[in-house]
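Everything below, folded, please.
(chains A and B)
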There are 2 protein chains.
Amino acid sequence: MQIVDLTHPFDSSIPVYPGDPSPQFRVLAEIGTAGYRLGEITTVLHAGTHIDAPGHMLGSGAAVADIPVERFVGRGVLIDVRRKARIDHDVLSGVEMRPGDVVLFMSGRSGQYRKPEYFHDGPVVTEACARALVAAGVSMLGIDFASPDRPPFPVHRILLEAGVPIVENLASLERLSHHPNFEIIALPVRLAAEAAPARVIARIIP
Amino acid sequence: MQIVDLTHPFDSSIPVYPGDPSPQFRVLAEIGTAGYRLGEITTVLHAGTHIDAPGHMLGSGAAVADIPVERFVGRGVLIDVRRKARIDHDVLSGVEMRPGDVVLFMSGRSGQYRKPEYFHDGPVVTEACARALVAAGVSMLGIDFASPDRPPFPVHRILLEAGVPIVENLASLERLSHHPNFEIIALPVRLAAEAAPARVIARIIP
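As a prediction, this is how the structure comes out:
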């Protein structure tokens, strides 16, 4: 069984969306004194590799905890969008998508994750492309960049209104390039909130 | 594909280990004003369904982010320990365990999760039992109660020194009772810390 971890490590130095506070770790008890280490974290729910639920943009949208868990597991479909500033629906032409698939847009930008430009010059998914993903019945959209769109976030809205969670800040999608068959398992913390940090893995199917 | 969610939902009212602060959710931006909802959480890393890494008890022990991801996936072995105050190594007799298996102790206590006694009258795993799990080469131990032992936590130490993470506060193990074959996928947030909240699922193998 070969597993690829598609998750960025999460520490207090990870980058956050411009304007958001950085995560803070506190140590409440240490081994030398208490016999065990006990940590606490404060973080916005959109830091690091995470999943946006419908409640992120829709007043009555589902929280992460309310999304059926089956949606977080599916056949992976990797789409190479490197060197594209605009990801239009033409990237889907010739791609076989089945209902329940997890579509991944590989921009090649995860290596820039800790650089200031990461949040500014990523590609933008078009509304037509988002509608095509919804029409195909995909289970989730995953991206190795910060956001599929810019304010006022029409692509977020199209996907979330259709109940399609968005997995942002993925890592290492390049490691899937040479594997035609793999499964994505993208598990968010079961938070009663509009987003949650997630651990995302791909399982290679030989 | 049948999936069972073994994770308690996580909100600000979940119970915490006695003395620990309760999780706090804050809303930093709301849809009506900002156009999107942005939440922040403060929580100890041992609240809800979570995974203890070696760093919880060992000064030089691995953080969650440093554990190879393969360890979080394995064949599940469910062991019924209902009505036992003490879980000794005899519960493993006749149980076929292979290296890499994820052993689950089902105490039936997850229904008491939100009751005060949950943290006080759970069963205790013996040191002999912990050593037997290590000798069998199990990948992880999962429990549907708060802790495998009490201060000074000898069972935590035996497992963590052997690199065996502990999954605490599991839910719904009873739903696995009638399935002889299933796989456990227990994915923690990739935190550079001694523990992390996790989403834990079982995939039933028909």
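
among the helices and strands of chain A, which has the poorest mean pLDDT?
Among the helical and strand segments of chain A, the one scoring lowest on mean pLDDT, DSSP states H and E is helix A:31-34, with a mean of 96.

could you point out the longest strand in chain A?
When chain A is parsed with DSSP state E, its longest strand is strand A:195-204.

wait, does that one contact chain B?
Yes: counting by C-beta under 8 Å from any C-beta of the partner chain, chain B has neighbours in strand A:195-204: A:195, A:197-199, A:201, A:203. C-beta here means a position set from N, CA and C on the backbone, and glycine is covered the same way.

Would you give the sheet partners of that strand, along with the direction of each?
Paired strands of strand A:195-204, with direction, are strand A:2-5 (antiparallel), strand A:50-52 (antiparallel), strand A:182-188 (antiparallel) (DSSP bridges).

Residues touching the second one, excluding its own?
This means strand A:50-52. If you take C-beta atoms under 8 Å, 6 or more residues apart in numbering or on different chains as the criterion, strand A:50-52 is touched by A:46, A:64, A:72, A:140, A:156, A:160, A:165-169, A:186, A:188, A:194-198.

ok, which stretches of chain A are helices?
With DSSP state H as the criterion, chain A has helices at A:31-34, A:127-136, A:154-161.

Report all helices and strands that the longest one contacts.
What that stands for is helix A:127-136. With contacts taken as 3 or more C-beta pairs under 8 Å, 6 or more residues apart in numbering or on different chains; DSSP states H and E, helix A:127-136 sits against helix A:154-161.

that older thread, would you format the strands paired with strand A:195-204 as CSV with mean pLDDT and mean neighbour count included?
What follows is the strands paired with strand A:195-204, written out as CSV (pLDDT from 0 to 100; neighbours: other C-beta atoms under 10 Å in any protein chain shown):
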stretch, mean pLDDT, mean neighbour count
strand A:2-5, 98, 18
strand A:50-52, 98, 28
strand A:182-188, 98, 25
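
could you dump those strands to CSV with distance to A:L176?
Below are the strands paired with strand A:195-204 laid out as CSV (distance: least, C-beta to C-beta, whole Å):
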stretch, distance to A:L176
strand A:2-5, 6
strand A:50-52, 19
strand A:182-188, 6
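
Looking at the spatially most central residue of chain A now. What's its pLDDT?
Residue closest to the average C-alpha location in chain A (C-alpha atoms, centre = their mean): A:V167, at 1.8 Å. Looking at A:V167, its pLDDT reads 99.

What distance do you get for it to B:T43?
According to C-beta to C-beta, to the nearest Å, A:V167 and B:T43 sit 22 Å apart.

Can I have the buried ones of the residues of strand A:195-204 next to chain B as a ChimeraX selection?
To isolate the buried members of the residues of strand A:195-204 next to chain B in ChimeraX, using 16 or more other C-beta atoms under 10 Å in any protein chain shown:
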select /A:195,197,198,199,201,203
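
Just give me the closest of the residues of strand A:195-204 next to chain B to A:G59.
For these, the closest approach to A:G59 (C-beta to C-beta) belongs to A:A195, at 15.3 Å.

I'd like to know how many residues surround the closest residue to that closest one other than its chain neighbours.
Leaving aside its chain neighbours, A:A195 sits nearest to A:L45 (4.1 Å; criterion: C-beta to C-beta, 6 or more residues apart in numbering or on different chains). Around A:L45 there are 27 other residues, counting by other C-beta atoms under 10 Å in any protein chain shown.

ok, now A:Y36?
22.

That one: what's it in contact with?
For A:Y36, the contact set (C-beta under 8 Å, 6+ apart) comprises A:29, B:56-57, B:153, B:156.

residue ranges for the strands of chain A, please.
Using DSSP E, strands in chain A cover A:2-5, A:24-29, A:38-44, A:50-52, A:73-80, A:86-87, A:102-106, A:124-125, A:140-143, A:166-168, A:182-188, A:195-204.

I'd like the average pLDDT over stretch A:18-30.
Rounded mean pLDDT across stretch A:18-30 is 96.

Kindly check the end-to-end length of that stretch for me.
End-to-end distance for stretch A:18-30, by C-alpha to C-alpha, to the nearest Å: 33 Å.

Go through it and flag the buried ones.
Neighbour counts over stretch A:18-30 (16+ other C-beta under 10 Å) mark A:20, A:23, A:25, A:29 as buried.

what's the closest non-adjacent residue to A:F119?
Closest to A:F119 by C-beta to C-beta, 6+ apart is A:A146, at 5.0 Å.

Would you mind listing the outside residues contacting stretch A:87-106?
Contact partners of stretch A:87-106, identified using C-beta under 8 Å, 6+ apart, comprise A:74-82, A:84, A:123-126, A:128-129, A:131-133, A:136-145, A:148, A:167, A:170, A:173-174, A:176-177, A:184, A:186.

Show me how to select, in PyMOL, the buried members of those.
In PyMOL, selecting the buried portion of the contacts of stretch A:87-106, with burial taken from 16+ other C-beta under 10 Å, looks like this:
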select buried, chain A and resi 74+75+76+77+78+81+84+123+124+125+126+129+132+133+136+138+139+140+141+142+143+144+145+148+167+170+173+174+176+184+186
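
if I look at the most far-flung residue of chain A relative to its centre, how far off is chain B?
For chain A, the largest distance from the centre (C-alpha atoms, centre = their mean) belongs to A:T33, which lies 38.8 Å off. Remark: distance between A:T33 and chain B (C-beta to the nearest C-beta, to the nearest Å) = 12 Å.
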